[in-house]
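In: mind looking at a prediction? Sequence and model below.
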Amino acid sequence: MHQLFYTHTHIHLRTRLCGFRCCLYDYFMQMLGTSSWERMSPDIAGEVMEHLKWDRGASAVFRKICQGWRDAHDQRVTRLSVTGNSSLQSSLILIGTQFPRVKEIEVRRPRGARDANAYYDDYNDNWLRALAVSQSEVSDLTSLDLSNCEEVSDVELHALSGLTALTSLNLRFCHQVSDNGLQALVGLTALTSLDLGCCHQVSDDGLQALAGLTALTSLVLYGCEQVSDNGLSALQTSLPNLKNVHRM
C-alpha cells in the first residue's frame, strides 16, 4: 500500500512537471527509494535547498515528495512570501512550529516579486489580523513587506505594534495608512528602514510620531504630498542617524 501510494503520487505529480522540475522530482524520488531518506533532517534539507538557491519550483517539488521532506524543508525557511487567494490564518497560528526560523514575511499580490529562500503560501484580506493574533509566534520577525496591500489600514498597524524586533517595514502604496496609524510604530524602536511611499494621508503630524525611532537610517516618502520640508527637517533633527531620505 505504501509503495502504491508513492507510485500513484509520482505519476500524478510528474505529469504536472517538466524540464528541470521533472528531472529534479525523479532524482528526489530515487533518493526516497531508500527508506533512510524518508526522514530528511532539516540540516540536509537546508543544504539541498541552498545548493538549489531556494528556487521556487525546486522548493515546491521538494515539499511534494512526502510529509517528512516537507517538514524538513519548512524548518529551514527564513523568508515567507504570501500570495494567492486562500486563507493564511491556520498557517500563521502554527507558524512558530511550521516555520520556526522565519525572519521575513513578504505579502504580495500574485504578480509580486519572488525572493530566494522563500516559501509561497496563499493570501487574502484577513491574513493580517491572523498575524496580529499570532504575534507571540513571530516575535523574532525582522522584516515585514506590505507594499501594495491596499487593505492595510491604521487598524491593522495598531494590531501589529507588538512586533518590536522589526528592523524593516514596507508600507508603500498602503493608501489607507494615515498619521493615526504611524502612532502604532512608536514602539518599534529597532526599525532602521521604513517605506511610506505613496501613503498619501501621511503628513507632518504623522512624522512627529517617528521622532523616537532613533535607529532609523532610511525613510521613503515618495508621493507623500502632505509632508513639508519643514516637517521633514524637524524629523531629521530628532533622528541624527537618518541619512537616507527619498522624497522625489
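Out: Structure received.
In: ok, the spatially closest residue to Leu239 that is not a sequence neighbour - how many residues close by?
Out: Distance criterion Cβ to Cβ, 6 or more residues apart in numbering; nearest residue to Leu239, sequence neighbours excluded, is Leu216 at 5.5 Å. C-beta: built from backbone N, CA, C; applies to glycine. Neighbourhood size, Leu216 [other Cβ atoms under 10 Å]: 26.
In: from what I see, Leu216 and Thr192 are in contact.
Out: Yes. Between Leu216 and Thr192 there is a contact at 6.2 Å, judged by Cβ atoms under 8 Å.
In: where are the low-confidence patches of the chain?
Out: 1-38, 83-97, 108-137 (pLDDT under 70).
In: strands of that one, start to end?
Out: 79-82, 104-107, 118-121, 143-145, 168-170, 193-195, 218-220, 244-246 (DSSP state E).
In: any chance of those strands in a markdown table, with distance to Val186 and mean neighbour count too?
Out: What follows is those, written out as a markdown table (distance: least, Cβ to Cβ, whole Å; neighbours: other Cβ atoms under 10 Å):
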| stretch | distance to Val186 | mean neighbour count |
| --- | --- | --- |
| strand 79-82 | 26 | 24 |
| strand 104-107 | 21 | 22 |
| strand 118-121 | 30 | 21 |
| strand 143-145 | 16 | 20 |
| strand 168-170 | 13 | 19 |
| strand 193-195 | 12 | 21 |
| strand 218-220 | 15 | 20 |
| strand 244-246 | 19 | 13 |
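In: could you dump those to a markdown table with distance to Ala211?
Out: Listed next are these as a markdown table, based on distance: least, Cβ to Cβ, whole Å:
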| stretch | distance to Ala211 |
| --- | --- |
| strand 79-82 | 31 |
| strand 104-107 | 27 |
| strand 118-121 | 34 |
| strand 143-145 | 21 |
| strand 168-170 | 16 |
| strand 193-195 | 13 |
| strand 218-220 | 12 |
| strand 244-246 | 14 |
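In: so what's the residue nearest to Leu239 up against?
Out: Contacts for Leu216 (Cβ atoms under 8 Å, 6 or more residues apart in numbering) come out as 191-194, 210, 239, 241-242.
In: next one: Cys174
Out: By Cβ under 8 Å, 6+ apart, the neighbours of Cys174 are 146-150, 152-153, 199.
In: got it, and Arg63?
Out: 69-70, 73-74, 119.
In: which among those count as buried?
Out: Among those, those scoring as buried are 69-70, 73-74, 119 (criterion: 16 or more other Cβ atoms under 10 Å).
In: out of these, which is nearest to Lys103?
Out: Tyr119 (13.0 Å; Cβ to Cβ).
In: endpoints of stretch 153-171, how far apart?
Out: 10 Å (Cα to Cα, to the nearest Å).
In: contact partners of it?
Out: Looking at what lies outside stretch 153-171 - Cβ under 8 Å, 6+ apart - the contacts are 128-129, 131-132, 135, 138-147, 152, 174, 176-178, 180-185, 187-197, 199, 215.
In: could you do stretch 178-196 as well?
Out: Contact with stretch 178-196 is made by 142, 147, 153-154, 157-158, 160-172, 177, 199, 201-203, 205-207, 209-210, 212-221, 224, as judged by Cβ under 8 Å, 6+ apart.
In: quick one: the helices in this structure?
Out: Assigned by DSSP state H, the helices in the chain fall at 2-14, 19-32, 42-51, 56-64, 67-76, 89-93, 95-98, 127-133, 154-159, 179-182, 204-208, 229-238.
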